[in-house]
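**Student:** Have a look at this fold, sequence not included:
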């Protein structure tokens, strides 16, 4: 009796949840388009674009504001989605691309491609560098901490991978031929979506589409994994193979995202945790809402950055870390019983 | 006990002082020995700008060492004429090796190196950087006086002055175009700078200076777009575009704003230093004006 009433509550929450999240995301996207030092009319700019009239408003809208808002939404969605997928896959509440080192390794791959001129060999080189770095780190984490459902070993492995990747980023930037490289370490370690263009959006989209599709198709496996690997196996899942789909999906989407924005931390940690109770603790259902939630959080963080620093020198990762850091601490304290 | 310790320390301190004085006395002796007819014979330059003036004004046998930068044709106006000159690595240790009788530097030279060399008794002359074109002439004369080359300096001054006047004369009937000098990390060059004066003399209005900016300041891309300059002069500075700082000056919005033909890359070997290259730089910028007939107020309404 109690169970059915709880299910009914969850069901009604779900019905409200989706329109609420989508509505909030659309609202924040519109707000994001209005953020910036120039006072322009967004409606007028869209009108100019529609009638193909040249105007400064249109250029600021299309070349500066739109790519920034789109990137915040797309990258936030990627981080939220992959946080949810990693937590389900590793069955570990602290799994998150930033914490376990995936983002930093992706940044390392992107840094090597970007500062040594390898991006000239094709539009796909930069996100591919991020993908390669992210892939290596997910494999590392799996080997180090994947088999045990142990919070401590995962976090410790993450610390090690993060430290090595961070040091290698610094080393790479030190040897980069461009004199500005070293001061740009802040961007790669904290992340930002400012001063980007539509070229970055187009470069990102194919990688995100493939990565997201691979993660979403593995949703049923995540549901089955709640019952344990053996049960999931007996339910007919080829765990070893499907696991690779998720790993590749995370590597492709997070790798590409980080290669454009740097390492924006904690979005993948906070969002799934906040939304999980609202979708009845079902990993598969958590994926979609975490993607929208991640987009909301990163757009909100980027709007905050623009409000706080006129001129936009502050990195968006500062805001997400200020929100996510205390939350991470709270999770560690709450999961003490696992240790 | 304490008194003894104090005495020992005092003795050591005095000994150090003596040694330093001896070293400086030796160095001063070297200075006197090397100067022939009042002209320094073993000159070291600490930076790109003094390197180039030195290469122009004195016989190369009198140059002891200059920096590696002056051999890079991307940033050095005199790169082709550096084959017979030695390099140093800008540390005091490496410079002392050349036993210079004159060290020249701009006010941008490493303060540590300058302090150490002065303390050791070497003659170090520091030339300030000009903030307008007319500052260049007294600076060239001052530099020439240090080298004992007053006549060469005077000839250089009149040649630079004539060439700049010639360029300005060609622009007499050309309407001034609006321009912004845009550097990596979104810096613009405002008023009270040599660059601002150069822009004016090349027939442009500097919108950054008109917006009240002095020296260098970072502005947002949106602000730059609101200014709607007719020309955007890009400063690359290094022969490498692979940084986020450079992504500012190669952002697609800039080309969309002014049109592909209206972005001008400023050649670093003309822009980085002052002297005869300044006349070349002004002449170069003057050639970039849109022909008067086509100039109907920029790309955008």
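**Tutor:** Good, I have the coordinates. Since the model is a prediction, treat every value here as computed from it, not as a measurement. Numbering: from 1, shown residues only, chains lettered A, B, ... in the order given.

**Student:** quick one: pLDDT of the residue nearest the centre of chain A?
**Tutor:** Using C-alpha atoms, centre = their mean, the residue of chain A that lies closest to the mean C-alpha position is residue A:79, 1.5 Å off. Listed pLDDT for residue A:79 reads 97.

**Student:** Go ahead and report the secondary structure state at it.
**Tutor:** Three-state call for residue A:79 (DSSP: H, G, I helix; E, B strand; the rest coil): helix.

**Student:** Does it touch residue A:270 like I think?
**Tutor:** No. Residue A:79 is beyond contact range of residue A:270, at 9.8 Å (criterion: C-beta atoms under 8 Å). Yep, even glycine has a C-beta here, placed from its N, CA and C like the rest.

**Student:** Spit out the residues that contact those two alike.
**Tutor:** With contacts taken as C-beta atoms under 8 Å, 6 or more residues apart in numbering or on different chains, residue A:79 and residue A:270 have no neighbour in common.

**Student:** Next up, the contacts around the residue in the stretch 1-150 of chain B positioned nearest to chain A.
**Tutor:** Chain A sits closest to residue B:75 of the stretch 1-150 of chain B, with a gap of 11.5 Å, by C-beta to the nearest C-beta. The contact partners of residue B:75, taken as C-beta under 8 Å, 6+ apart, are B:48, B:69, B:238-239, B:268-269, B:272.

**Student:** near chain A, from the residues you listed?
**Tutor:** residue B:238 (C-beta under 8 Å from any C-beta of the partner chain).

**Student:** Out of the contacts of residue B:75, which two are the most distant from each other?
**Tutor:** B:48 and B:239 (14.0 Å; C-beta to C-beta).

**Student:** what does the stretch 201-301 of chain B put close to chain A?
**Tutor:** B:218-223, B:225-226, B:228, B:238, B:240-248, B:251-253, B:256-257, B:299-301.

**Student:** please redo it, this time with the cut-off set to 6 Å
**Tutor:** Contact residues (C-beta under 6 Å from any C-beta of the partner chain) of the stretch 201-301 of chain B with chain A: B:220-223, B:225-226, B:238, B:240, B:242-245, B:251-253, B:256-257, B:300.

**Student:** Most proximal residue of the stretch 51-200 of chain B with respect to chain A?
**Tutor:** Nearest residue of the stretch 51-200 of chain B to chain A: residue B:184, at 6.0 Å (C-beta to the nearest C-beta).

**Student:** How far does the lowest-mean-pLDDT helix or strand in chain A sit from its chain's centre?
**Tutor:** Least confident helix or strand of chain A, by mean pLDDT, DSSP states H and E, is helix A:2-33 with a mean of 82. Using C-alpha atoms, centre = their mean, to the nearest Å, the distance from the centre of helix A:2-33 to the centre of the chain it belongs to is 20 Å.

**Student:** Ok, stretch B:75-82 next?
**Tutor:** That offset, for stretch B:75-82, works out to 14 Å (C-alpha atoms, centre = their mean).

**Student:** tell me how far the ends of it are from each other?
**Tutor:** End-to-end span of stretch B:75-82 (C-alpha to C-alpha, to the nearest Å): 13 Å.

**Student:** before we move on, the earlier item: now the residue of the stretch 1-150 of chain B closest to chain A: closest residue in space that isn't a chain neighbour?
**Tutor:** The spatially closest residue to residue B:75, leaving aside those adjacent along the chain, is residue B:268, at 4.6 Å (C-beta to C-beta, 6 or more residues apart in numbering or on different chains).

**Student:** got it, and residue A:125?
**Tutor:** According to C-beta to C-beta, 6+ apart, the nearest residue to residue A:125 is residue A:119 (4.9 Å).

**Student:** What about the one you found, how many residues nearby?
**Tutor:** By the criterion of other C-beta atoms under 10 Å in any protein chain shown, residue A:119 has 20 neighbours.

**Student:** what about it, which SS state?
**Tutor:** helix.

**Student:** residues contacting it?
**Tutor:** A:113, A:125-126 (C-beta atoms under 6 Å, 6 or more residues apart in numbering or on different chains).

**Student:** do you know how far it is from residue A:47?
**Tutor:** Separation of residue A:119 from residue A:47 (C-beta to C-beta, to the nearest Å) stands at 36 Å.

**Student:** Could you do residue B:257 as well?
**Tutor:** Applying C-beta to C-beta to residue B:257 and residue A:47 gives a distance of 19 Å.

**Student:** Looking at these two now, which is surrounded by more residues?
**Tutor:** More crowded of residue B:257 and residue A:47, by other C-beta under 10 Å: residue B:257, with 25 against 14.

**Student:** excluding its backbone neighbours, what's nearest residue 235?
**Tutor:** Defaulting to chain A. Using C-beta to C-beta, 6+ apart, the closest residue to residue A:235 is residue A:224 (5.2 Å).

**Student:** You answered for a different chain; I wanted chain B.
**Tutor:** Residue B:235 sits nearest to residue B:183 (C-beta to C-beta, 6+ apart), 4.2 Å away.
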